[in-house]
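Peer 1: sequence-free structure coming up:
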């Protein structure tokens, strides 16, 4: 008779990547806290942010960020353009770093955006988790 292999299953990555505002108080369930904005958020100290890392290399280009301006009507096009930017070699190492963090446990992507649901952090969350749901 053959041997039976036990396969360990992991929780889906989507359960371990979350998006929050950097201004919100840290939670015990945050795991690794990574700021994904290119610019440092106004009015918050590094101590208060409780960051594991600041991964500004993965942020949208300044041109794309300025064009978008967090206009909800432009989010779908912003997300499409940003996903295209993420395929550039300039973003590859930073994106790979975030994926490794997500594989190791809970990852919280932090942004200073007023609406995190239409931020680059939400696009990154979907890219990292492979989520088909796109706005």
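Peer 2: Yes, it's here. Remember, predicted model here, so these are calculated numbers, not experimental data. Numbering: from 1, shown residues only.

Peer 1: CA atoms for contacts and neighbours, from now on please.
Peer 2: Fine.

Peer 1: who are the packing partners of the longest helix along the chain?
Peer 2: Longest among the helix segments of the chain by residue count, using DSSP state H, is helix 89-104. Here helix 89-104 touches helix 75-86, helix 120-129, going by 3 or more C-alpha pairs under 8 Å, 6 or more residues apart in numbering; DSSP states H and E.

Peer 1: turn those into TSV, columns for mean neighbour count.
Peer 2: Shown next, in TSV, are the helices and strands packed on helix 89-104 (neighbours: other C-alpha atoms under 10 Å):
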stretch	mean neighbour count
helix 75-86	17
helix 120-129	22
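
Peer 1: of all those helices, which lies closest to residue 22?
Peer 2: Closest approach to residue 22 among these is made by helix 120-129 (11.1 Å; C-alpha to C-alpha).

Peer 1: any idea how far that closest one is from the chain center?
Peer 2: 5 Å (C-alpha atoms, centre = their mean, to the nearest Å).
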